[in-house]
Each structure stands twice: as structure tokens, then as C-alpha cells.
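# Structure of the sequence below:
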Amino acid sequence: MEKINAQFVGNTISTNSVLAYGLNEKSNFGERIGEKIQYSLSEAFYLLEEGKLEISNNKKNLSKSEVLEKFQKIDKKFFIKYVVFKDLRRKGYVLKTALKFGADFRIYEKGAKPGKAHSRWILYSDQETNKIKWQDFAAKTRIANSTKKNLLIAIVDDEEKVTYYEIKWLKP
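The predicted model follows:
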């Protein structure tokens, strides 16, 4: 099977491969930016693990461990976010970054297409050993409510199992 070849420049993974355009159209991987498809770190690593993508840096193909090391330098929480991304993507959801919300991901219902539908959740991920302050929890809840999304908290344990907590506002 032919793989998509993407270039890793700075903190960006992108390609102008015809295969990438097809995968974007069919499965919502990547985002069209100008003449290229640009991948989030999680999307790129997922496609690398699935054998659909190879990542080059200065014309040298990077190994999976080299890519992981580079991504973890860019984002200290990369691995935790990736475990959640992989779990939800395999369940059929589409995940996109949610930096403008201060969250890890926007999550779209199964079958929904980003840009044509609104995401249902914003997601924050963390390790089960970390603690969250009530003020941080309240802030996350307010952001979700103000963006008309439900809040999804993903907790990853030491065995890389994910537990999800959905928080919704109820009107009395």
C-alpha cells in the first residue's frame, strides 16, 4: 500500500499528496491549508501507527520512536492526548484541535463533517494521578457552556485505559 509522505518542518506536519486529499475528504484527517493538507500531531501519529503515513524531516524518513520523541518535545502532554485521540478515533468520532477554547480537542458526532456540522464536545485529557482544582473545573465547564458544547473529561490510567466523564449544564 502506498503511504502518504508528509514533511515535518518546525512544529507542522503537512503534505500535498493526492492520497492525503482523498483521506481528508473520506475520513476527515487533516485540514486544508492553502495547497496542502496539514495534520495535527495526534492525527499524524495515528496515521503513522496505522501505516498510512511516513514523516520526513530534511528528506530523512523518521522512525516512530523519533517522531514520538519530537512530538513530546513540542507538547509535554502529547502521549496522554494521543491515547485519548486513538481511543475515540477508533470508535468512529472525528477529533480536531481546540486550542482557541483552551481544550485538547473538539469532538464531532459519528458521521459529522467538521466545517459542515458543529462539534458536540470539547475535551480535556489528563492522567489519573493528576489532581484538578475546583476553580479549573469550573472554568472548563464555563467554557463548554459558553461555546454550546458539552464538556468531556478523559482520564487515562497507567495501563492506557481511558475513562470519560461528560458534564452538561442543566437548567432548573
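
# which residues of the chain fall in helices?
18-27, 41-49, 64-74, 78-90, 134-146 (DSSP state H).

# Tell me, please, the helix or strand in this structure that averages the lowest pLDDT.
Least confident element among the helices and strands of the chain, by mean pLDDT, DSSP states H and E: helix 134-146 (a mean of 87).

# Can you pull the domain assignment for this protein?
4-74, 78-167 (automatic domain parsing).

# For the nearest residue to residue 77 once chain neighbours are set aside, name its beta-bridge partners.
Excluding its sequence neighbours, the residue lying closest to residue 77 (C-beta to C-beta, 6 or more residues apart in numbering) is residue 125, at 7.3 Å. Where you see a C-beta, it was placed from the backbone N, CA and C, and this is true even at glycine. Note on residue 125: beta-bridge partners residue 154, judged by DSSP bridges.

# Now for residue 71: which residues touch it?
Each residue near residue 71 by C-beta atoms under 8 Å, 6 or more residues apart in numbering is listed here: 41, 44-45, 78, 82.

# let me redo that: residue 129
Neighbouring residues of residue 129 by C-beta under 8 Å, 6+ apart: there are none.

# No further questions, thank you.
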